[in-house]
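Enquirer: fold the stuff below for me.
(one chain, ligands or ions: 1)
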Amino acid sequence: MLYHLLYPLHTTFSVFNVFRYITFRTIYASLTAFFICFLLGPWMIRKLASMQVGQYIRDDGPKSHFEKAGTPTMGGTLIILSLTAAILLWSDLTNYYVWIVLFVIIGYGAIGFIDDYLMQVKKQSKGLSVLNKLLLQGLVALIAGFLVYVTPDFSTQVTIPFFKNIRPDFGWGYIIFAAFVIVGASNAVNLTDGLDGLAIGPVIIAAATYMIFAYVSGHIKIAGYLQLNYVSGAGELAIFCGALAGAGLGFLWFNSYPAQIFMGDVGSLSLGAFLGTIAVITKQEILLALVGGIFVIEALSVIFQVGFFKMTSGKRIFKMAPLHHHFELKGWPEPKVIVRFWIIAIALALLAMSTLKLR
Ligand code: 57M
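Expert: Residues are numbered from 1 along each chain as shown. Model prediction:
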């Protein structure tokens with residue numbers, strides 16, 4: 001809105017020319033999202049606590065988690081609100097991609113919200129069934145994939161990290177591929193969200209990394225120079241990524257150990273889907289496995305553990321899956337597991353950024 005209201009005034013007041021720049025709007029969108037989250041956080045925590053939206057803790061998990069019982073959850077609502085407000089204020093609302101990403105965040109946020117609501121407010125122990133959750137996630141992701149596919153000039157070729165000359169063209173199959181990336185990312189972030197700040201840290205790191213990829217892939221000259229797929233209009237998504245990083249930092253203020261609030265499914269499902277959608281639109285789909293490597297490792301630990309458990313009728317590879325529980329049960333203090341996972345996430349993000357040159 002600010003962009004639409006103030007930029008046209010640049011012909012009279014040259015100072016408003018600055019609203020033209022994606023870099024300027026990215027910085028202010030992140031600060032806006034950060035301050036909304038930071039300022040509304042204490043109110044949100046009080047509100048959720050008064051509504052008794054407190055986390056139920058499973059009795060088969062690590063014992064250190066028992067004392068977390070009653071921590072307010074569904075804090076992802078705050079992230080989505082601050083992110084959406086920042087986007088409405090700072091981005092170019094005529095940009096088609098902005099609306100696709102908003103659709104995904106709100107769609108996945110609604111799925112997560114229903115699940116959390118059934119569990120936390122209605123006190124149903126299971127929430128949405130796994131099948132219903134997957135069907136709804138798949139539906140929103142397929143619509144998003146279709147909307148991207150029908151965008152004029154959108155390439156259905158897939159970028160393979162480190163190999164610039166290998167770009168398989170998926171044709172209409174790209175819709176299914178895009179949906180797979182979005183659903184996979186959403187569930188992988190959900191599995192990671194099991195220690196204070198463990199999910200939001202790598203989400204911030206991934207958002208900051210994709211902020212750079214969105215900017216360069218939407219810049220015709222830089223994309224040409226780096227031999228990247230140029231995606232007209234994708235630059236505007238740098239603002240989105242910046243806003244997510246800002247909102248994430250604001251949330252981390254309260255979610256850092258010992259957490260005063262959890263994000264709930266409303267947060268984990270929507271943030272993962274957001275990253276998947278950005279990876280698709282910026283044409284760095286497969287690179288998400290590296291940028292979000294922590295989420296992939298966590299998801300793989302569950303797949304291997306469950307597979308092995310079933311094949312051997314009860315034997316385990318890890319003390320407990322997802323992987324963060326394994327280290328907790330080995331005796332690592334919770335903050336050590338969290339910070340070490342963040343360190344790995346930063347290293348993987350740097351490696352991912354090197355693909356801008358190493359191809
Ligand atoms: C949700 N949710 C956390 C919070 C958060 C297939 C199976 C591996 C699935 C997996 C699972 O259900 N994962 C998805 C993980 C929960 O957090 C809530 O959920 C939201 C995210 N969806 O925002 O609202 C608990 O995590 C802790 N937490 C924090 N700080 C945070 O900032 O400490 C969360 C956020 C919270 C809190 O304790 O209550 C969760 O872990 O439940 N299942 C599991 O993860 C279970 N694993 C398991 O059963 N493994 C088995 C194999 C054979 C499947 C094994 O290895 O033997 C574990 N989870 C728990 N207890 N809680 C193990 C048992």
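Enquirer: so for the one helix or strand A352 maps to, mean pLDDT?
Expert: Assessed by DSSP states H and E, A352 sits inside helix 334-353. Average pLDDT, helix 334-353: 98.
Enquirer: so who does Y210 touch?
Expert: Counting by CB atoms under 8 Å, 6 or more residues apart in numbering, Y210 touches 237, 241, 275, 278-279, 282, 284, 291. (Glycine included, C-beta is placed from N, CA and C.)
Enquirer: reformat these into CSV and put neighbour count, secondary structure and distance to the ligand next to each item.
Expert: As requested, those are exported to CSV (neighbours: other CB atoms under 10 Å; DSSP: H, G, I helix; E, B strand; the rest coil; distance: CB to the nearest ligand atom, whole Å):
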residue, neighbour count, secondary structure, distance to the ligand
L237, 30, helix, 25
C241, 28, helix, 22
L275, 27, helix, 15
I278, 31, helix, 21
A279, 26, helix, 21
T282, 29, coil, 26
Q284, 27, coil, 26
V291, 29, helix, 20
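Enquirer: can you give me the distance of F163 to P258?
Expert: Separation of F163 from P258 (CB to CB, to the nearest Å): 45 Å.
Enquirer: now T94
Expert: From T94 to P258 the distance is 44 Å (CB to CB).
Enquirer: V231: what's its closest spatial neighbour, skipping adjacent residues?
Expert: If the residues on either side of it in the chain are set aside, V231 comes closest to S217, at 5.0 Å by CB to CB, 6 or more residues apart in numbering.
Enquirer: so that neighbour is in contact with V280, correct?
Expert: No. Applying CB atoms under 8 Å, one finds S217 not in contact with V280, separated by 11.6 Å.
Enquirer: one step back: could I get the contacting residues of the residue nearest to V231?
Expert: 223, 228-231, 234-235, 282-284.
Enquirer: can you list the residues that contact the helix holding A352?
Expert: By CB under 8 Å, 6+ apart, helix 334-353 touches 64, 161, 195-198, 201-202, 205-206, 208-209, 212, 257, 287, 290-291, 293-294, 324, 327-328, 332.
Enquirer: ramachandran angles for I160?
Expert: phi -100, psi 120 (degrees, to the nearest 10).
Enquirer: that one reaches R167, doesn't it?
Expert: Yes. Counting by CB under 8 Å, I160 does reach R167; the two are 6.9 Å apart.
Enquirer: show me what contacts the residue in the stretch 51-200 of the chain that the ligand sits nearest to?
Expert: Nearest residue of the stretch 51-200 of the chain to the ligand: G61, at 2.7 Å (CB to the nearest ligand atom). Shown in contact with G61 (CB under 8 Å, 6+ apart): 320, 325.
Enquirer: where does it land in three-state SS?
Expert: coil (DSSP: H, G, I helix; E, B strand; the rest coil).
Enquirer: next up, the contacts around the closest residue to Q260 other than its chain neighbours.
Expert: Once flanking residues are discounted, Q260 sits nearest to F254: 4.7 Å by CB to CB, 6+ apart. For F254, the contacting residues are 41-42, 45, 75, 260-261, by CB under 8 Å, 6+ apart.
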